[in-house]
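A.B. asks: Could you look at this predicted model? Sequence included:
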Amino acid sequence: MSMLPAGKVLAFAARGERRCLGVRRAGRWIVCPYEAVLDGASAKDQCARCAQLDRSRSVAADTMADDPRPYGVYLAYFGPGLLKVGITAAERGPARLVEQGAVAYAWLGRGPLMAARRAEALLGSALAVPDRFGKAAKRAARGALPPVPERLAELAQLHDRARGLTDWPETLEPVDFAFADHTELFGLDRIPGEVAELGGMTAGAEIVGEVLTGVGSDVYLRLAGEPEGAGPAGGG
């Protein structure tokens, strides 16, 4: 269950300096050894040196090519024309899709890490499918989403084209098309028609508002005093 359910009232203020969170290891954060202070207006939560250390053990940065775990290749839908390919450890299930704020998704294949990487690269070169979108593009698309059947059709079409590629990695097991949608999970119908981004908080800033919904790392709030239907989106 979400710690920020719809209807919950938040009231908080920023005090003092923002400091680096450090490095995440074995499911917990290790304190930044540099005690680095971060820019209060930035969305980053790590200093450059801790971020570099994280990337030294990152699948995303291709620095863990010997990871023995099976990986899933997925197609994620964020809005019309905004479909990307990605990979995630199979043991995580759809958690990565939820973290990214994917409106809908479908699995494409499953197998060793390097085979999953090759499939990801193949879709990029053969079908021009990107492996990432910026937060601004994702947020903009949420305000004008087509009906679920149209999302399904767009994902199904790309899935079919991907499965038809001749250079598909032999060790990657194809997965039949199965559509999954996050409309209910994210409460997409609660996102207001017009939003404004709050951005990073600096010392002394205060926020009081009611939670409308959360999508990925974004929390949509109706600030105290705002009329019904209005609410800025806070990005994480």
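C.D. replies: The structure has been received and is ready for your questions.

A.B. asks: what's the distance between Arg142 and Pro33?
C.D. replies: As defined by C-beta to C-beta, to the nearest Å, Arg142 lies at a distance of 38 Å from Pro33. C-beta: built from backbone N, CA, C; applies to glycine.

A.B. asks: between these two, who's got more neighbours?
C.D. replies: For Arg142 versus Pro33, neighbours defined as other C-beta atoms under 10 Å are more numerous around Arg142 (20 against 12).

A.B. asks: The closest residue to the more buried one other than its chain neighbours: neighbour count?
C.D. replies: Leaving aside its sequence neighbours, Arg142 sits nearest to Ile191 (C-beta to C-beta, 6 or more residues apart in numbering; 5.7 Å). Neighbourhood size, Ile191 [other C-beta under 10 Å]: 19.

A.B. asks: ok, now the one 4 residues further on?
C.D. replies: The local packing count at Val195 equals 20, with neighbours defined by other C-beta under 10 Å.

A.B. asks: Surely it touches Arg139?
C.D. replies: Yes. Using C-beta atoms under 8 Å, Val195 is in contact with Arg139, at 7.4 Å.

A.B. asks: so how far is Thr183 from Ala104?
C.D. replies: Plainly put, Ala104 is 8 Å away from Thr183 if you go by C-beta to C-beta.

A.B. asks: all helices in this structure, in order from the N-terminus.
C.D. replies: Along the chain, the segments classed as helices by DSSP state H run 48-55, 95-100, 113-127, 135-142, 148-163, 183-186.

A.B. asks: ok, for Gly216, nearest residue in space, not its chain neighbours?
C.D. replies: Gly101 (2.7 Å).

A.B. asks: Isn't the one you found up against Gly214?
C.D. replies: No. Counting by C-beta under 8 Å, Gly214 is not a contact partner of Gly101; they are 9.1 Å apart.

A.B. asks: anything in contact with each of the two?
C.D. replies: Both Gly101 and Gly214 are in contact with Phe186, where contact means C-beta atoms under 8 Å, 6 or more residues apart in numbering.

A.B. asks: per-domain residue ranges of this protein.
C.D. replies: Domain assignment for the chain by the TED database gives 8-57+189-223, 71-186.

A.B. asks: Give me whichever of those domains is most buried.
C.D. replies: Among the domains of the chain, ranked by average contacts under mean count of other C-beta atoms under 10 Å, first place goes to domain 71-186 (a mean of 17).

A.B. asks: that older thread, what's the residue nearest to Gly216 in contact with, if anything?
C.D. replies: Counting by C-beta under 8 Å, 6+ apart, Gly101 makes contact with 78, 138, 186, 215-218.

A.B. asks: Which helix or strand in the chain has the lowest average pLDDT?
C.D. replies: Ranked by mean pLDDT, DSSP states H and E, the weakest helix or strand in the chain is strand 233-234, scoring a mean of 49.

A.B. asks: Alright, calling it a day.
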